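J.: When you get a sec, could you give me coordinates for this:
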Amino acid sequence: MAKTTFEDNPFIRKVLRYFLFLQIGAIPVVFGLILLKLHLLALAFTLVTFLIFVVIIIWLYMSYQNTPIVQKRRAYQKKVLDLQTGIQSENGVILSADRKKEELSQAKQSEIQNALVTLQRNYIERGLEGNSIGAATIGGIGPKLKERLATYGIVNAAHISNRVLEIPGFGGAKAQALIGWKSLIYAQLDSSKPTGLPTESSEAIKNKYLILHNEIDNVRNTSVEHKQNLQDELNIVLPELKKLSSITFTSYLSKSLASKGLVASLIALAMLFSQTISGLGAVTSAVVASIPTTTSTPTLTLTPTHTLTPTITLTFTVTNTPTITNTPTITLTPTITNTSTQTSTPTRTFTPTPTKTYTPLPTLAPIVRTGARCQDGTSSNATGRGACSHHGGVSCWYYSDGTCR
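T.: Residues are numbered from 1 along each chain as shown. Just a heads-up that it's a prediction; the model follows:
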């Protein structure tokens, strides 16, 4: 069976060739813009070509949908779906009819059985009612007792029950004689009861269900016939649809690109490859360009204007001349005004190469205790707690910087 295919469309083929040339030409343009560091422009150019690509795909799909052969295939598909749905629906009707027929057969048998049970029960009841106690010979039950039974409404076998024990003069033996007589009659009637319905009753029930069966059969036969018609039509449509199995959007794209499948595949790969290359190049360059470069310029400007030029004027007024006024003006913050013009006011001008002169700090010799002056004016070389212990105690301590405090 020869498969149907699309006809050549020179106009679409020409449009796709032009677009292929555009994509191939876009690659050097995009990479040229990247080399010129025009990353955003390269990305924008790539987005434009991609949008054109999307628009062309949408246009091709719409053109594919409007192709007469595609519309024909779609009509066949809809027809097949409708036929299959119709066949399923008729199958449901047929199954329902079969189920109803089974239910009717069971209902007919139940009705016949119930009618027979009713007939047999009525036969026994009529037989019991027809056997009079007054005319019967019952051992131990004489005329007076029969008359007494009649006054209580017990005149035939159907009326006999255990309530005869409540009648005066009827003890266990007489009551048992009555019940035994009724049981004997019941057994005779049960053995002679009808075993089947009369012909008229049986035929009436059968005719009733036969009508219902015929109605269901008519519905079922109609569904079977309709289903067969649908199946015949489906058998005609399916081969026609199978001929159009090659009618797909992929085959339409292939036919639109080139007459031969191999050439069409190469063109499609070229289009995808060129679009991918230009897109990846533009996106990658834009992302890389957006990453901030970590230029290790000294933004570590230790609070600029922090020129540690000796505003640390370590001229301690430590003139070893005894300004040893026993009042310790030896505030060892010797004018070490470490407020080194460190005005943290943001004159933080972040000049890239600050004048960071870092003049070396003078090395300070450690100040240690060298002795003590006692209260009586004498001196002691001791530097601990026992100094001047026999001279009235320590007046002040001598240190290596010449002070006494």
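J.: where does residue 97 land on pLDDT?
T.: Note for residue 97: predicted pLDDT of 94.
J.: now the helices for the stretch 151-300 of the chain?
T.: Along the stretch 151-300 of the chain, the stretches classed as helices by DSSP state H, counting those that start in this stretch are 172-191, 199-243, 249-257, 261-290.
J.: Put together TSV for these, with mean pLDDT and distance to residue 155 on each row.
T.: C-beta: built from backbone N, CA, C; applies to glycine. As requested, those are exported to TSV (pLDDT from 0 to 100; distance: least, CB to CB, whole Å):
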stretch	mean pLDDT	distance to residue 155
helix 172-191	91	12
helix 199-243	93	31
helix 249-257	82	98
helix 261-290	81	107
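J.: In CSV: the ones you listed, plus distance to residue 71 and mean neighbour count.
T.: Formatted as CSV, the helices of the stretch 151-300 of the chain follow (distance: least, CB to CB, whole Å; neighbours: other CB atoms under 10 Å):
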stretch, distance to residue 71, mean neighbour count
helix 172-191, 80, 15
helix 199-243, 13, 14
helix 249-257, 13, 18
helix 261-290, 23, 15
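J.: Which one of those helices lies nearest to residue 367?
T.: Across these, the minimum distance to residue 367, taken as CB to CB, is reached by helix 261-290, at 59.4 Å.
J.: quick check, distance from that closest one to the centre of its chain.
T.: Computed by CA atoms, centre = their mean, to the nearest Å, the separation of helix 261-290 from the middle of its chain amounts to 35 Å.
J.: from memory residue 56 sits against residue 18, does it?
T.: No - here residue 56 lies out of contact with residue 18, judged by CB atoms under 8 Å, at a distance of 10.1 Å.
J.: quick revisit: out of the helices of the stretch 151-300 of the chain, flag the one nearest residue 29.
T.: Distances from residue 29 to each of the helices of the stretch 151-300 of the chain were compared by CB to CB, and the smallest falls on helix 261-290, at 8.2 Å.
J.: For the lengthiest helix in the chain, name the packing helices and strands.
T.: In the chain, assigned by DSSP state H, the helix with the most residues is helix 68-129. In terms of contact count using 3 or more CB pairs under 8 Å, 6 or more residues apart in numbering; DSSP states H and E, helix 68-129 is assigned the packing partners helix 172-191, helix 199-243.
J.: Quick check: end-to-end length of stretch 137-149?
T.: 14 Å (CA to CA, to the nearest Å).
J.: Residues in contact with that stretch: which ones?
T.: With CB atoms under 8 Å, 6 or more residues apart in numbering as the contact definition, stretch 137-149 has outside contacts at 133-134, 155, 164, 167-170, 173-174, 177-178, 181.
J.: And it, what's buried?
T.: 141, 145-146, 148-149 (16 or more other CB atoms under 10 Å).
J.: Check the model's average confidence along it for me.
T.: Stretch 137-149 shows a mean pLDDT of 88 in the predicted model.
J.: any low-confidence regions in the stretch 301-405 of the chain?
T.: Confidence mapping of the stretch 301-405 of the chain against pLDDT under 70 gives the ranges 301-365.
J.: Out of the helices of the stretch 151-300 of the chain, flag the one nearest residue 63.
T.: helix 249-257 (8.0 Å).
J.: gap between that closest one and the chain center?
T.: Here helix 249-257 shows a centroid-to-chain-centroid distance of 36 Å under the convention CA atoms, centre = their mean.
J.: and that helix, what other elements does it pack with?
T.: Packed against helix 249-257, as judged by 3+ CB pairs under 8 Å, 6+ apart, are the following elements: helix 10-35, helix 39-65, helix 261-290.
J.: picking up where we left off before, dump the helices and strands packed on helix 68-129 to CSV, plus distance to residue 74.
T.: Putting the helices and strands packed on helix 68-129 into CSV (distance: least, CB to CB, whole Å) gives the following:
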stretch, distance to residue 74
helix 172-191, 76
helix 199-243, 10
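J.: Who has more neighbours out of residue 56 and residue 18?
T.: Each of residue 56 and residue 18 had its neighbours counted (other CB atoms under 10 Å), and the higher figure belongs to residue 56 (15 against 10).
J.: Chain neighbours aside, what residue packs nearest to that one?
T.: Take residue 56 and drop its neighbours on the chain: the residue closest to it by CB to CB, 6 or more residues apart in numbering is residue 19, 5.9 Å away.
J.: ditto for residue 167
T.: By the measure of CB to CB, 6+ apart, the closest residue to residue 167 outside its immediate chain neighbours is residue 152, 5.6 Å from it.
J.: That neighbour: neighbouring residues, count only.
T.: By the criterion of other CB under 10 Å, residue 152 has 14 neighbours.
J.: do the same with the one 3 residues further on
T.: Other residues near residue 155 number 16, with proximity taken as other CB under 10 Å.
J.: What of residue 371?
T.: Should you count by other CB under 10 Å, residue 371 turns out to have 16 residues around it.
J.: Adjacent strands (with direction) for whichever strand or helix holds it?
T.: Using DSSP states H and E, residue 371 sits in strand 369-374. Strand pairing for strand 369-374, determined by DSSP bridges: strand 379-380 (antiparallel), strand 394-399 (antiparallel).
J.: Figure out which of these is closest to residue 273.
T.: Among those, the nearest to residue 273 by CB to CB is strand 394-399 (86.9 Å).
J.: picking up where we left off before, quick one, what contacts the residue nearest to residue 56?
T.: Neighbouring residues of residue 19 by CB under 8 Å, 6+ apart: 52-53, 56, 271.
J.: mind running it again at 10 Å?
T.: Residue 19 sits next to 49, 52-53, 55-56, 271, 275 when contact means CB atoms under 10 Å, 6 or more residues apart in numbering.
J.: does residue 48 really touch residue 26, like I thought?
T.: Yes - in terms of CB atoms under 10 Å, residue 48 counts as a neighbour of residue 26; the distance is 8.7 Å.
J.: With adjacent residues omitted, what lies nearest to residue 132?
T.: Sequence neighbours aside, residue 156 is the residue nearest to residue 132 in space, at 5.2 Å (criterion: CB to CB, 6+ apart).
J.: one step back: tell me which of the helices and strands packed on helix 68-129 lies nearest to residue 97.
T.: Across those, the minimum distance to residue 97, taken as CB to CB, is reached by helix 199-243, at 3.7 Å.
J.: and the closest one, how far from the chain's centre?
T.: Taking CA atoms, centre = their mean, one finds helix 199-243 lying 45 Å from the centre of the chain it belongs to.
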